[in-house]
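1. pasting the sequence and the predicted coordinates here, then a few questions.
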Amino acid sequence: MLFSTHIHDLLERPQPQASADGRKRPLSEKTAAYRVIGGDQGGSWSLIEYTAPPRSVGPSPHAHAQLDEAYFVLEGRPVFQVGEHIIHARPDLLVVVERGTVHSFMNPEAEPARFLVLLSPAGYEGFWLGEGNSELVLTGDEADVVPSMFALT
């Protein structure tokens, strides 16, 4: 499910920073910062701001049996795989991944991509702060492999 929205215009352009409890973690060139964590509001959802460096590959395609995710693109042109669909995202686009749907993302561009990640219910924040994160940053000839991983032409 995709939505084009203009709520980005209502938000100040946040810079990666720690939440009130101070949790922020750089992942090599990638940055994930908590905006809202599960304990802040009863565990129903969490919000993370994520910056993917140029030519980076996200996690292997995977699905969550008990988690819904939504990605709101702030900057850049990340590419999402959601089920059988390949989505070339742009700022102000919301990509919703319902539980049980195989998904992944990458940033094939020469500029960073930044997006908000809403997780519901909360509890998967550890993955986004590097626990189990298997992202790669590709340079040189390796970057030519990136499009084929998503069957891009």
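-> Arrived safely. Residues are numbered from 1 along each chain as shown.

2. would you state the strands of this structure in chain order?
-> 2-4, 24-27, 30-36, 46-52, 56-57, 68-75, 79-82, 85-88, 93-97, 103-107, 113-120, 136-137 (DSSP state E).

3. please render the ones you listed as JSON lines that adds mean neighbour count and mean pLDDT to the earlier fields.
-> Any C-beta I mention is one placed from the backbone N, CA and C, and that applies to glycine too. As requested, these are exported to JSON lines (neighbours: other Cβ atoms under 10 Å; pLDDT from 0 to 100):
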{"stretch": "strand 2-4", "mean neighbour count": "11", "mean pLDDT": "35"}
{"stretch": "strand 24-27", "mean neighbour count": "16", "mean pLDDT": "47"}
{"stretch": "strand 30-36", "mean neighbour count": "20", "mean pLDDT": "69"}
{"stretch": "strand 46-52", "mean neighbour count": "22", "mean pLDDT": "90"}
{"stretch": "strand 56-57", "mean neighbour count": "24", "mean pLDDT": "91"}
{"stretch": "strand 68-75", "mean neighbour count": "19", "mean pLDDT": "97"}
{"stretch": "strand 79-82", "mean neighbour count": "21", "mean pLDDT": "96"}
{"stretch": "strand 85-88", "mean neighbour count": "13", "mean pLDDT": "96"}
{"stretch": "strand 93-97", "mean neighbour count": "20", "mean pLDDT": "97"}
{"stretch": "strand 103-107", "mean neighbour count": "23", "mean pLDDT": "95"}
{"stretch": "strand 113-120", "mean neighbour count": "21", "mean pLDDT": "94"}
{"stretch": "strand 136-137", "mean neighbour count": "16", "mean pLDDT": "40"}
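
4. roughly how far does the residue nearest to residue 109 when sequence neighbours are not counted sit from residue 37?
-> Counting by Cβ to Cβ, 6 or more residues apart in numbering, the nearest residue to residue 109 once its immediate chain neighbours are dropped is residue 77, at 5.1 Å. Using Cβ to Cβ, to the nearest Å, one gets 28 Å for the distance from residue 77 to residue 37.

5. out of the two, which sits in the more crowded spot?
-> Counted by other Cβ atoms under 10 Å, residue 77 and residue 37 do not tie: residue 37 has more neighbours, with 20 against 15.

6. the more buried one contacts residue 46, doesn't it?
-> Yes - in this structure, residue 37 is within contact of residue 46 by Cβ atoms under 8 Å, at 5.2 Å.
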